[in-house]
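model this:
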Amino acid sequence: MALDRRPIRFERLALEEVVHEMLTLAALGDGSGWMNVQPLVADDDRPYESMVFKLFTAKGPAVPLGTWVPGHHYRDKWQPASVGLQHAGGRHASKLLEERGVTEPDGWNRRQDHIKRGLVYELPEGQDPRVALEFLVDAMAQLVEFPLSGRWQALILTQR
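As a prediction, this is how the structure comes out:
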């Protein structure tokens, strides 16, 4: 599958361009695109992750990866929008996030909270994409074990 990739760098208080792209993807309603989000981390600041350790540990990646998929039709059935988050925050990340003041928005349905595969939420129909983006950024900032720069990158992916 050929993909178009459009990176967008942003800061926590300047989400407009990313939200605009999310709304554009959502308007398609065909599942042809999604968005990944990660904090921008300089190579010198990245924690070392041994390939052997990654194979045999239950933890997710040290640099978290968030994903937003808009609601879409698939085989004549509506698939609700979803948010996923891979992280190294350990077991019961949703509980840790709550303790740190990041709660899942009203109406979200937690589908998974797994140490390796991460968190997955199903979103209610009509959910403002800004809410999903704000949640991802806030959650990732709480699930890392090193300081973040405050800069982020969204990668908008669409099938050709």
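
which residue lies farthest from the center of the chain?
residue 76 (26.3 Å; Cα atoms, centre = their mean).

quick one: low-confidence ranges for this structure?
46-59 (pLDDT under 70).

which residues in it form helices?
Taking DSSP state H as the criterion, the chain carries its helices at 16-28, 51-56, 93-99, 129-142.

Quick one: neighbours of residue 137, just the number.
Using other Cβ atoms under 10 Å, residue 137 is surrounded by 22 other residues. For the C-beta atoms, the positions are set from N, CA and C on the backbone; glycine is no exception.

That one touches residue 38, doesn't it?
No - Residue 137 lies out of contact with residue 38 (Cβ atoms under 8 Å); the separation is 10.1 Å.

if I look at the two, which residues touch both of them?
Residues touching both residue 137 and residue 38 (Cβ atoms under 8 Å, 6 or more residues apart in numbering) are 66, 152.

ok, now how distant is the closest residue to residue 32 other than its chain neighbours from residue 24?
With sequence-adjacent residues excluded and distances taken as Cβ to Cβ, 6 or more residues apart in numbering, residue 32 is closest to residue 159, at 4.5 Å. Between residue 159 and residue 24 the computed distance is 14 Å (Cβ to Cβ, to the nearest Å).

Just want the most central residue of the chain.
Among the residues of the chain, the one closest to the centroid is residue 66, at 1.7 Å (Cα atoms, centre = their mean).

Tell me how far the spatially closest residue to that residue that is not a sequence neighbour lies from residue 96.
For residue 66, ignoring the flanking residues on the chain, the nearest one in space by Cβ to Cβ, 6+ apart is residue 136 at 3.7 Å. Distance of residue 136 to residue 96, given as Cβ to Cβ: 15 Å.
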